[in-house]
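S.K.: What follows is a predicted protein model with its sequence.
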Amino acid sequence: MLGFLIRRVLQAAFVVLVVTLLVAWAVRLSGDPAVMLTQGAGSVTAKDLANIRTGLGLDRPFSAQYLGFLGGMLTGDMGRSFIGGTSVGLLIRHALPLTILLAVVSLALSIAASIPLGIHAAVKRGGTADQVIRILSLVGLSFPNFWLGLMLVLIFGINLGWLPPSGAGEVSGIVMPAATLAIILTATNVRLVRSTMLDTLSQQYIMVARSKGLKQRVVLYRHALRNCAIPLVTYIGLQFGGLIGGVVVVERVFNWPGMGSLAFDAVSSRDYPVLQAVVTVLAALIVTVNLAVDVAYGLLDPRIRSE
Amino acid sequence: MTAALLSVRNLTVEFPTLEGPFTAVAGLDLEIEAGRTLAVVGESGSGKSVTSLAILRLTDYTGGRITNGQVMFTPRDGVAIDLARASEARLEAIRGNEIAMIFQEPMSSLNPVFTVGDQIAEAIVLHQDCSSADARKLAQALLEKVRMPDARTMLDRYPHQLSGGMRQRVVIAMALSCQPKLLIADEPTTALDVTIQAQILNTIRDLQQEFGTAVIFITHDMGVVAEMADDVAVMWRGRKIEQAPVRELFAQPAHEYTRALLAAVPRLGSMSGTKLPRRGSVAQDTADMTAPLIAAESLTTTFPIRQGLLRRVTRLVHAAERVSFDIFPGETLSLVGESGSGKTTIGRTLQQLIAPSSGIIRFKGQDVTRMDHNARRRLKREVSYVFQDPYGSLDPRKTVGFSVAEPILTHNLLPCRNISQRVAELLEQVGLLPEHARRYPHSFSGGQRQRICIARALACDPKLVIADEAVSALDVSVQAQIIDLLMQLQAQRGLAYLFISHDMAVVERISHRVAVLYLGQIVEIGTRAQVFEDPRHAYTRKLLAAVPVAEPGRPIDRRLVAGEIPSPIRRVGDPPVANNFDEVAPGHLVAR
């Protein structure tokens, strides 16, 4: 188990390293920040632009810039934003908890909804409840997340006025962004729970459990659900990457000051240090979640634990 | 005891299908008294398993519906109840408590994520008013009762850490945990090796006597019926066609189907005194013992187990260990042994599906391992394979004609326009019709599918066919037909067979020579008569003694069989000691 863990941590570290290289390279394809900074500043000479680049350290060769960024990531000093000169570390310290909060709450909501719904659909396979759940799930899958977000804002924020339409100022501010993400996650998760549950319920040990006289609830939630856990946890781990992608968009819609908003602003202003750091931190987060999933396998399934 | 413990009257079970309801059990009557054993026999599709589920109304969960009839059961309180109409709560109180079940597949009967102890204790806590600590003690006592070695530590093991026989013991312990009045055992030993089967049957018999439990024993194996049953009910296509006390049924079967079923059962010892295998009354004198077709010399196949950070090979599975044998043209050599003995590995190594770790395979005197790529490819046409599972070995999305033609296409043996003609011939040779080529596998029965697989194996006109448990998954009557077909093809084409099987009675029927495998090594090899009539190695004797014989009232040797086959996994650099052989008679080699 320890050997397995060390191997996986090394693999994860390598993945993050490759991501940093790709990010540093790709960020520099987005255009010249000096031009962006001087937009609307009247007459700008080529010399002015060159001075700005020198000031930002952009005249150095790519390898030097990349190594500087990498060193900064390792020491925790991630440099300063091109816009306003705020410490990147400070920006991330404010934004990251909000993003994690949003991701975790929406994931938890989705799991809480999709497990009972999926199990119910599997048990009533082919029945009315199953049909309704499957149709609703298809509807949920068809919504683009930003559209769903806007509709929620329109209905609950503006027309009904029940919830604050944007921002993270009040506790209730999280309800709509989390609901938006959770609805879309649930649409896929319900189908996954349903199909893994159908598979598990056809196993002989389920019939054995019933033949012992166990109640339906115990059979489903103790015997069957534990065996569905591996595919579910795998899928949720994979889904986490997509969820972070969704968070970026949804944060923007609800003006939620997390990593997504930070990344969005950094892209539009070609703010290399912020963008590089945000993408790297998010990549590290996704890789860590998947690492945790690998470890969770062992906890969930004794067959994997003993290997 | 006059009143029946369980009496099933006019039971009908239906399953809805797209073409209307399918009647799996029709108007069935069964009766069982306390403490007796009723065997329900029948071939696949006879409705025997559905019956076993319907008694506890577990058919509710498989989509089935009891449309008619009664299942009257007398529980401990003495008030009879109709289970077909009982409430779910009443059924839950009876399941696992008054009526318990054992299922066929011990490998999938236990929930993989819970410990053995928890799974046994679960039923105890549910039905008996006791704490989980007491339940655990009781679970340990039960494991000791079913003769589980080291019961205390077993409580905390997970199912995957146990062998098939041990798992079935756990399932039995679980079923008996509340001392039920009735035990329904659905093919409980079918998936087990014969020596393990003998142990499990002994255990069930002993416990039945101790607790006075009535047993409904569902099986297709007439040998098991003869050893276990007081009464026998024969089922065919959802109906009971005959019921009689066991001796009566074996001595004077009343129904034609029962007679056919009993006639088809391969009986160990039925070939005594004959030298060659027989097809009908014709001796199968096809073997040409002048020069071997294929020879394995000191064949060793190991599989590495990698562990640790650097994935170093720490241990080796010794699947086949210095195995030597010859197969002559037109001869059937059988490899017998229990699971893990290396039979399949040897077959696959001969077919070059697996590369041997060391040793030589000679085909017509030529060393296969030194052949170039093209020669090896040609050799693959000479050796073909028939697999155990006729359902899994045909592509469901390809027509039967395509599957049979594929080897011809792959090896480019015939011009395209002649292929369909050839496929038609092959299908006729295996007893099918040329027009079957256009159909898909799902429209065929298991036996027909195995015929298709044989046709495919013959497509390249091979010299050797490796039949790996090729008849094991088939019903006895179909099994007899396929064996007959294999022998007929051997006579027509001079085919050699490597017949891999765990079924001693089938092996006795088809073989010219037999090799007995134990832990990857041959322990005894000789002609069929030598091995079956004069077994010299202790393991061969044990194997023969463990086979249930379809002869009621025959005394059962209970001393035999104990323990399990040891593990073939060993540390690197610690290979097992190779057997040395004594030649006790010409061609009869026995490990020392």
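M.R.: All right, it came through fine.
S.K.: Would you tell me which residues of chain B are close to chain A?
M.R.: Contact residues (C-beta under 8 Å from any C-beta of the partner chain) of chain B with chain A: B:53, B:56, B:58, B:61, B:91-97, B:100-101, B:103-105, B:108-114, B:122-123, B:126-127, B:158, B:160-161, B:171, B:174, B:307-309. Glycine gets a C-beta too; all of them are placed from N, C-alpha and C.
S.K.: Please flag which of the residues you listed sit within strands.
M.R.: B:100-101, B:307 (DSSP state E).
S.K.: residue contacts, the closest residue to chain A within the stretch 401-550 of chain B?
M.R.: In the stretch 401-550 of chain B, the residue found nearest to chain A is B:A473; the distance is 17.3 Å by C-beta to the nearest C-beta. Residues in contact with B:A473 (C-beta atoms under 8 Å, 6 or more residues apart in numbering or on different chains) are B:388-391, B:446.
S.K.: The same query, at a cut-off of 6 Å, please.
M.R.: By C-beta atoms under 6 Å, 6 or more residues apart in numbering or on different chains, the contact set of B:A473 is B:388-389.
S.K.: Any stretches of chain A with poor pLDDT?
M.R.: Scanning chain A for pLDDT under 70 picks out A:1, A:41, A:168-169, A:306-307.
S.K.: what pLDDT, on average, does stretch B:116-136 get?
M.R.: Averaging pLDDT along stretch B:116-136 yields 91.
S.K.: neighbours around residue 244, how many?
M.R.: Let's take chain A. Using other C-beta atoms under 10 Å in any protein chain shown, A:I244 has 19 neighbouring residues.
S.K.: other chain: chain B
M.R.: 18.
S.K.: Before we go further, it is sitting in a strand, right?
M.R.: Yes. Assessed by DSSP: H, G, I helix; E, B strand; the rest coil, B:A244 belongs to a strand.
S.K.: and it, bridged to which residues?
M.R.: B:V232 (DSSP bridges).
S.K.: quick one, helices of chain A?
M.R.: Chain-ordered helices for chain A, with DSSP state H as the definition, fall at A:2-27, A:33-37, A:46-56, A:62-75, A:88-123, A:128-142, A:145-152, A:175-201, A:204-211, A:216-218, A:225-253, A:259-268, A:272-300, A:302-305.
S.K.: Can you point out the buried residues in the last one?
M.R.: To tie it back to what came earlier, the one meant is helix A:302-305. A:302-304 (16 or more other C-beta atoms under 10 Å in any protein chain shown).
S.K.: Need these in a markdown table (columns: distance to chain B).
M.R.: Shown next, in a markdown table, are these (distance: C-beta to the nearest C-beta, whole Å):
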| residue | distance to chain B |
| --- | --- |
| A:P302 | 4 |
| A:R303 | 5 |
| A:I304 | 10 |
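S.K.: ok, of those residues, which one's closest to B:T153?
M.R.: A:P302 (15.0 Å; C-beta to C-beta).
S.K.: Could you list the residues of the stretch 101-250 of chain A in contact with chain B?
M.R.: A:204-205, A:208, A:210-213, A:223, A:226 (C-beta under 6 Å from any C-beta of the partner chain).
S.K.: Is it possible to get JSON lines of the helices of chain A that adds distance to B:N202?
M.R.: Shown next, in JSON lines, are the helices of chain A (distance: least, C-beta to C-beta, whole Å):
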{"stretch": "helix A:2-27", "distance to B:N202": "42"}
{"stretch": "helix A:33-37", "distance to B:N202": "83"}
{"stretch": "helix A:46-56", "distance to B:N202": "85"}
{"stretch": "helix A:62-75", "distance to B:N202": "67"}
{"stretch": "helix A:88-123", "distance to B:N202": "40"}
{"stretch": "helix A:128-142", "distance to B:N202": "47"}
{"stretch": "helix A:145-152", "distance to B:N202": "64"}
{"stretch": "helix A:175-201", "distance to B:N202": "34"}
{"stretch": "helix A:204-211", "distance to B:N202": "23"}
{"stretch": "helix A:216-218", "distance to B:N202": "34"}
{"stretch": "helix A:225-253", "distance to B:N202": "33"}
{"stretch": "helix A:259-268", "distance to B:N202": "67"}
{"stretch": "helix A:272-300", "distance to B:N202": "38"}
{"stretch": "helix A:302-305", "distance to B:N202": "30"}
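S.K.: which one of those helices lies closest to A:L160?
M.R.: Among these, helix A:145-152 sits nearest to A:L160 (C-beta to C-beta), with 10.4 Å.
S.K.: Contacts for that closest one, please.
M.R.: Residues beyond helix A:145-152 that count as contacts (C-beta under 6 Å, 6+ apart) turn out to be A:176, A:180, A:184, A:246, A:249-250, A:253.
S.K.: And those residues, which is closest to B:E14?
M.R.: Within the contacts of helix A:145-152, the smallest distance to B:E14 is 42.2 Å, found for A:I184 (C-beta to C-beta).
S.K.: do you know how far the closest one is from A:S142?
M.R.: 10 Å (C-beta to C-beta, to the nearest Å).
S.K.: And those two? Which one has more around it.
M.R.: A:I184 (24 against 11).
S.K.: wait, what's in contact with the more buried one?
M.R.: So A:I184 contacts A:N145 (C-beta under 6 Å, 6+ apart).
S.K.: PyMOL command to pick out the buried ones of the ones in strands among the residues of chain B next to chain A?
M.R.: The following PyMOL line selects those of those that are buried, judged by 16+ other C-beta under 10 Å:
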select buried, chain B and resi 100+101
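S.K.: residue contacts, B:F73?
M.R.: So B:F73 contacts B:6, B:81, B:83 (C-beta under 6 Å, 6+ apart).
S.K.: Just confirm B:L53 contacts B:T59, I think it does.
M.R.: Yes. Counting by C-beta atoms under 6 Å, B:L53 sits close enough to B:T59 to count as a contact (4.8 Å).
S.K.: May I see the buried residues of the helix or strand where B:A141 lies?
M.R.: Per DSSP states H and E, B:A141 falls inside helix B:132-145. Within helix B:132-145, the residues that count as buried by 16+ other C-beta under 10 Å are B:135-136, B:138-140, B:142-143, B:145.
S.K.: Excluding chain neighbours, what is closest to the spatially most central residue of chain A?
M.R.: For chain A, A:I244 is the residue whose C-alpha lies nearest the centre (C-alpha atoms, centre = their mean; 2.1 Å). Nearest in space to A:I244, with sequence neighbours left out and distances taken as C-beta to C-beta, 6 or more residues apart in numbering or on different chains, is A:L282 at 5.6 Å.
S.K.: With A:L181 as the reference, measure out to the one you found.
M.R.: Distance from A:L282 to A:L181, by C-beta to C-beta: 15 Å.
S.K.: Neighbour count: those two, which is higher?
M.R.: A:L181 (26 against 23).
S.K.: Return the distance of the more buried one relative to A:G167.
M.R.: Counting by C-beta to C-beta - A:L181 and A:G167 are separated by 17 Å.
S.K.: can you check B:G223 too?
M.R.: On the measure of C-beta to C-beta, B:G223 and A:G167 end up 78 Å apart.
S.K.: Looking at these two now, which is surrounded by more residues?
M.R.: B:G223 (21 against 11).
S.K.: which element is that one on?
M.R.: helix B:222-228.
S.K.: can you list the residues that contact that helix?
M.R.: B:37, B:39, B:41, B:217, B:232, B:265, B:548-552.
S.K.: Relative to B:I419, which of those residues is nearest.
M.R.: Of the contacts of helix B:222-228, the one sitting nearest to B:I419 (C-beta to C-beta) turns out to be B:V265, at 39.9 Å.
S.K.: sorry, back to before: among the contacts of B:F73, which lie within strands?
M.R.: Filtering the contacts of B:F73 for strands - DSSP E - leaves B:6, B:81.
S.K.: And for the residue of the stretch 51-200 of chain A found nearest chain B, the neighbour number?
M.R.: Per C-beta to the nearest C-beta, A:R125 is where the stretch 51-200 of chain A lies closest to chain B, at 9.0 Å. A:R125 has 13 neighbouring residues, counting by other C-beta under 10 Å.
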